[in-house]
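Sequence plus predicted model, see below.
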Amino acid sequence: MKNWEQCWLPDEENREECAVRCEGFDPSGSHRVLSTATEELKRYGRFPKDAEVLIVLDDKLPPESYAYDSGTLKLTVADERGAVYGAFHILREQKIHGGTSPSFGPCIPDNPFRMLNHWDNMDGSIERGYAGLSFFFKDGRILNGDRIRDYARLVASVGINAVVINNVNVKGDATWLISDRYYRDLSELSNTLSLYGIRLFLSLNYAACMDIGGLDNADPLDPGVISWWKERMKEVFENIPNLGGFLVKADSEGRPGPFTYQRTQADGANMLAEAVREYGGTIIWRCFVYNCMQDWRDRKTDRARAGYDNFIGTDGDYADNVILQIKNGPMDFQIREPVSPLFGGLKKTNMMLEVQIAQEYTGQQIDVCYLIPLFKEVLGYHTEAPDAEGDTVAEIIAAKAKGHRVTPGMSGIAAVSNMGDDPNWTGSDLAQANLYGFGRLAFDTSLSAEQIAREFLAQIWPGKAEEVLLPILLTSRATYEKYTVPLGIGWMVRPATHYGPSVDGYEYDRWGTYHRADHLGVGVDRTDAGTGYAAQHGPAWKKIYEDTDACPEELLLFFHRVLYTDRLRSGKTLIQHIYDTHFEGVSEVEANMESIRSLEGILPEKIYGRIMERMERQLYNAKEWRDQVNSYFFRKSGIPDEQGRMIY
Ligand code: GCV
């Protein structure tokens with residue numbers, strides 16, 4: 001008996017299996033992925049009695065794509081992965097439309113890489129995990145079996161084609177993943193993933209040549225280091241089938257990297273890329289490189305600048321099997337940030353967008369926070385200028401942008417996973433929408449946040465529950481933002497855990513995360529007169545961001561220091577805006593709780609209970625945020641709330 005759920009996937013029903021015939025595939029191949037697709041259709045598909053579904057290979061279609069003709073029950077596919085995605089698409093439509101699927105397609109994935117990054121540690125814990133423990137690792141061992149198979153099925157059903165199973169902070173046992181201690185288990189795990197067309201990636205310790213190789217340095221230009229990696233990669237790729245390559249966090253938050261040897265990030269990435277080239281391997285190199293030992297007194301150093309400053313000079317220096325993975329914003333997955341200026345800045349480098357569906361700073365899968373609206377904003381952002389063409393982040397990561405030279409197939413989107421071994425995979429039932437939505441959006445960036453939410457709800461809780469939950473999901477990001485951090489300034493979270501308010505929690509610390517509030521105002525000047533960050537966005541955006549009247553208001557405090565008495569576009573003073581939004585945020589959570597109460601007896605009891613339990617915690621959290629933020633600014637400014645509400 002499995003103690004985990006199937007989320008949006010169809011339940012197996014006792015019905016006659018349909019027949020599935022495949023045409024055009026090489027008869028001598030083993031076709032494991034194709035068999036997965038046919039199995040899914042046979043076991044879960046709903047077709048007329050005695051019907052036969054036909055899967056036809058069409059090599060004119062772009063990789064991984066598919067189309068379905070419901071009249072003839074013909075699924076035309078580019079390859080075996082296309083068959084899996086096509087099969088799941090049919091099942092999804094059948095579930096939504098009460099048993100029948102319309103024709104669709106051709107459906108062509110926008111992004112070559114559609115990836116999940118798990119931050120799982122080998123002891124079973126998960127860095128920033130809010131849904132239980134790891135299902136990949138336990139006590140230094142690798143797990144396999146039904147749960148992994150169901151994981152692969154679940155994520156492949158929304159189009160995920162690559163996963164990194166271990167934390168980017170690679171220490172201890174995890175460094176040994178590239179050694180014979182783990183080859184056998186990794187190879188089994190990789191085989192399971194490959195059934196659903198998913199490539200396995202591992203996070204790599206840049207200093208493995210020292211930590212497990214016994215070398216005295218990790219200089220990427222040192223011949224001894226180069227040959228150690230070459231030999232090790234040969235062994236690794238020979239022993240682990242279906243291995244796609246490696247994700248590397250170097251020179252970041254205490255992790256080793258090429259800077260120690262006065263080499264560039266490109267030197268480090270290229271050295272590894274050469275070692276994996278022969279095996280078709282890819283090196284995904286993160287741009288999250290900044291000084292985490294900053295002095296809070298220093299107002300010139302700006303963490304927001306760091307990614308761009310560290311990487312822009314290396315544009316064009318990377319091997320064609322390197323992809324730079326860039327977080328959506330220049331800081332760290334805050335509820336509101338500008339889009340990283342690296343996307344527009346790098347013109348000759350393969351790039352991948354990194355988002356986080358683990359809700360580290362956005363409510364930790366306790367508070368409802370549907371993140372697809374945020375991801376849509378990032379994808380739709382014009383990197384050159386608001387009215388430019390062919391320059392959005394979506395176009396850049398799909399290798400379709402003007403003026404960007406990239407290697408075909410070497411770009412895409414990755415999300416830091418929100419999954420764990422909780423029965424519902426994501427702790428919060430509503431957080432499943434972020435997992436579902438990320439996959440769907442990565443495949444088709446033109447889908448709207450609302451379409452995705454509707455699709456998700458229609459499969460999992462249709463009818464009245466869908467009606468009630470849809471507006472809650474769609475407004476949840478705005479609600480969360482209202483009761484937490486105002487106007488893009490970020491942080492104000494409790495250090496270490498990152499859940500709950502602590503306005504000055506990071507203010508006098510070393511992490512480069514300051515709001516600079518005093519008795520007159522709050523915000524960071526990132527114009528040329530301040531840290532100069534705005535200029536990284538190029539002339540058109542610099543002009544907008546530097547002008548307080550033109551700057552998107554939701555980012556005002558990210559770019560400017562503003563006085564509490566300054567008026568916003570609404571006519572309200574900044575301080576009144578802070579008070580009002582915090583009261584509104586809490587009221588919205590209360591209203592959401594009330595609407596969810598109407599689902600008692602409609603949602604399955606277990607799910608209703610789980611959702612309400614989290615809503616209560618969210619309400620408590622929202623009140624803490626409201627009262628701590630409002631009191632903090634009242635005490636700093638001495639300005640009372642115009643409406644005389646309770647501020648402590
Ligand atoms: C895995 C933030 C998180 C860290 C995380 C890091 C990263 O700093 O708090 O837990 O480390 O980002 O993305 O590497």
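Alright, I've got the coordinates. Numbers count the residues shown, from 1 in each chain.

Just say helix, strand or coil for the residue in the stretch 301-450 of the chain that the ligand sits nearest to.
Here the stretch 301-450 of the chain gets closest to the ligand at one residue, Asp332, 5.2 Å apart by Cβ to the nearest ligand atom. From N, CA and C alone the C-beta is placed, and that goes for glycine too. Three-state assignment for Asp332 (DSSP: H, G, I helix; E, B strand; the rest coil): coil.

from what I can see it touches Thr362, true?
No. Using Cβ atoms under 8 Å, Asp332 is not in contact with Thr362; the gap is 11.4 Å.

between those two, who's got more neighbours?
Looking at Asp332 and Thr362 with other Cβ atoms under 10 Å, you find the greater number of neighbours at Thr362, namely 25 against 20.

Run through the residues that contact that one.
Thr362 is in contact with Phe333, Ile335, Cys369, Leu371, Arg477, Tyr480, counting by Cβ atoms under 8 Å, 6 or more residues apart in numbering.

let's see 10 Å
333-335, 356, 368-371, 374, 434, 476-477, 480-481, 484, 498 (Cβ atoms under 10 Å, 6 or more residues apart in numbering).

sorry, back to before: so what sits against both of Asp332 and Thr362?
Contacts common to Asp332 and Thr362, judged by Cβ under 10 Å, 6+ apart, are Gln356, His498.

which parts of the chain sit against the ligand?
Trp119, Glu127, Arg128, Asn167, Val168, Asn169, Lys249, Glu253, Phe288, Asp332 (Cβ under 6 Å from any ligand atom).

Can you tell me, leaving aside adjacent residues, what's nearest to Thr484?
Trp625 (5.2 Å; Cβ to Cβ, 6 or more residues apart in numbering).

Isn't the one you found up against Phe583?
No. Between Trp625 and Phe583 there is no contact under Cβ atoms under 10 Å: 11.2 Å.

what sits in contact with each of those two?
Common neighbours of Trp625 and Phe583 (Cβ under 10 Å, 6+ apart) are Lys482, Tyr483.

and those two? which has more neighbours close in?
Taking other Cβ under 10 Å, Trp625 and Phe583 do not tie; Trp625 has more neighbours (24 against 18).

Using the three-state scheme, assign Arg614.
Applying three-state DSSP: Arg614 is helix.

is it true that Ile326 lies in a helix?
No. Using three-state DSSP, the secondary structure at Ile326 is strand, not a helix.

re earlier: identify the residues contacting the residue of the stretch 301-450 of the chain closest to the ligand.
Contacts of Asp332 (Cβ under 10 Å, 6+ apart): Phe288, Tyr290, Arg303, Gln356, Glu360, Tyr361, Gly490, Trp491, His498, Trp511, Gly512, Thr513.

Could you save the residues you listed as CSV and add columns showing pLDDT, secondary structure and distance to Leu61?
Converted to CSV, the contacts of Asp332 look like this (pLDDT from 0 to 100; DSSP: H, G, I helix; E, B strand; the rest coil; distance: Cβ to Cβ, whole Å):
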residue, pLDDT, secondary structure, distance to Leu61
Phe288, 97, coil, 36
Tyr290, 96, coil, 42
Arg303, 98, helix, 44
Gln356, 98, strand, 32
Glu360, 98, coil, 38
Tyr361, 98, coil, 40
Gly490, 98, coil, 43
Trp491, 97, coil, 46
His498, 98, coil, 43
Trp511, 97, coil, 47
Gly512, 97, coil, 47
Thr513, 97, coil, 47
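
Tell me which two in the residues you listed are the farthest apart.
Farthest apart among the contacts of Asp332 by Cβ to Cβ are Gln356 and Gly512. That separation is 18.3 Å.

any idea what sits nearest Ala273, other than its immediate chain neighbours?
Nearest residue to Ala273 in three dimensions, chain neighbours excluded: Ala319, at 4.0 Å (Cβ to Cβ, 6+ apart).

Who are the contact partners of that neighbour?
Taking Cβ under 10 Å, 6+ apart, one finds 266, 269-274, 276-277, 282-283, 350, 407 in contact with Ala319.

one more time with 7 Å
Shown in contact with Ala319 (Cβ atoms under 7 Å, 6 or more residues apart in numbering): Asn270, Ala273, Glu274.

Show me what the helix or strand containing the residue nearest to Thr484 is packed against.
Element membership for Trp625, per DSSP states H and E: helix 605-637. Counting contacts by 3 or more Cβ pairs under 7 Å, 6 or more residues apart in numbering; DSSP states H and E, helix 605-637 is packed against helix 464-483, helix 574-597.

residue boundaries of the helices in the stretch 351-500 of the chain?
Here the stretch 351-500 of the chain has its helices, by DSSP state H, counting those that start in this stretch, at 372-380, 393-397, 432-443, 449-460, 464-483.

Kindly reformat those helices as TSV containing mean pLDDT and distance to Tyr308.
TSV is the format used below for the helices of the stretch 351-500 of the chain (pLDDT from 0 to 100; distance: least, Cβ to Cβ, whole Å):
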stretch	mean pLDDT	distance to Tyr308
helix 372-380	98	16
helix 393-397	98	15
helix 432-443	98	24
helix 449-460	98	28
helix 464-483	98	25
